[in-house]
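Participant: Pasting a predicted model and its sequence here:
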Amino acid sequence: MPESTARLLDPRAIRLNVQAADRDDAIRQCGRALAEARAVSAAYAESMLERERSISTYLGEGVAIPHGTASGKDEVLHDALAVLRFPDGVDWNGHTVTVCIAIAAKGDGHMAILAELAEVLMDPDQARRLREAGTAEDVMRLLQPSDQPT
């Protein structure tokens, strides 16, 4: 992941031991984490739910990447990421998700972010390490570009 994407992750938006009743609850928590990091308005979570209803953001390897629709871009204050880990797992349309990487992007930057995250997470070992990360620093290090110091 390029340095420009790694810097979008605010350590305050990393939550490693949360629980969710279901997929929609997990998405709302992701929206809340982005809002508490002052990256989006509180209304952004509804845009994320709208996206999920139209197409699943499940990526594989226990990871989902919820993000908003084009209509939700007005709710984005600045591009950002949030990482939430659900150790007990969340049913995501028949898949078990343990890590959500929520994306907020004002412009078309979300496509590049999605591609970069997919590239990082296509490595099953990297995805496993992310699912097992114990600290925010571990998450930050795992999402650093491979050519950057860790």
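Facilitator: It's in.
Participant: which strand of the protein spans the most residues?
Facilitator: strand 80-92 (DSSP state E).
Participant: With just CA atoms, put that one into PDB.
Facilitator: Extracted in PDB, the C-alpha atoms of strand 80-92 (Å, rounded to 0.1, in the frame of the first residue of the first chain):
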ATOM      1  CA  ALA A  80      -9.700   8.100   6.000                       C
ATOM      2  CA  LEU A  81      -9.700   4.500   7.000                       C
ATOM      3  CA  ALA A  82     -10.900   2.700  10.100                       C
ATOM      4  CA  VAL A  83     -10.000  -0.800  11.200                       C
ATOM      5  CA  LEU A  84     -12.400  -2.700  13.400                       C
ATOM      6  CA  ARG A  85     -11.800  -6.300  14.500                       C
ATOM      7  CA  PHE A  86     -14.600  -8.500  15.700                       C
ATOM      8  CA  PRO A  87     -12.900 -11.500  17.300                       C
ATOM      9  CA  ASP A  88     -16.200 -13.400  17.600                       C
ATOM     10  CA  GLY A  89     -16.900 -12.900  13.900                       C
ATOM     11  CA  VAL A  90     -19.900 -11.300  12.200                       C
ATOM     12  CA  ASP A  91     -22.100 -13.100   9.700                       C
ATOM     13  CA  TRP A  92     -21.700 -11.200   6.400                       C
END
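Participant: residues of the helix or strand that comes right after it that come out buried?
Facilitator: Counting by DSSP states H and E, the next helix or strand C-terminal to strand 80-92 is strand 95-104. Using 16 or more other C-beta atoms under 10 Å as the test for burial, strand 95-104 gives 95, 97-104. Every C-beta, even on glycine, is put in place using the N, C-alpha and C of the backbone.
Participant: same thing with stretch 122-142?
Facilitator: 126-127, 130-131, 133, 136, 139-140, 142.
Participant: Can I get it in CSV? Just the C-alpha atoms.
Facilitator: Extracted C-alpha coordinates of stretch 122-142, given in CSV (Å, rounded to 0.1, in the frame of the first residue of the first chain):
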residue,chain,number,x,y,z
MET,A,122,-4.8,-11.1,-1.2
ASP,A,123,-1.8,-12.5,0.7
PRO,A,124,-3.4,-15.0,3.1
ASP,A,125,-0.5,-14.6,5.6
GLN,A,126,-0.9,-10.8,5.7
ALA,A,127,-4.7,-11.2,6.1
ARG,A,128,-4.1,-13.7,9.0
ARG,A,129,-1.6,-11.3,10.7
LEU,A,130,-4.2,-8.5,10.4
ARG,A,131,-6.9,-10.8,11.9
GLU,A,132,-4.5,-11.6,14.8
ALA,A,133,-3.1,-8.1,15.3
GLY,A,134,-2.9,-7.3,19.0
THR,A,135,-2.3,-3.5,18.9
ALA,A,136,-3.0,-0.4,16.8
GLU,A,137,0.7,-0.3,16.1
ASP,A,138,0.6,-3.8,14.7
VAL,A,139,-2.3,-2.8,12.4
MET,A,140,-0.4,0.3,11.2
ARG,A,141,2.7,-1.7,10.5
LEU,A,142,0.8,-4.4,8.6
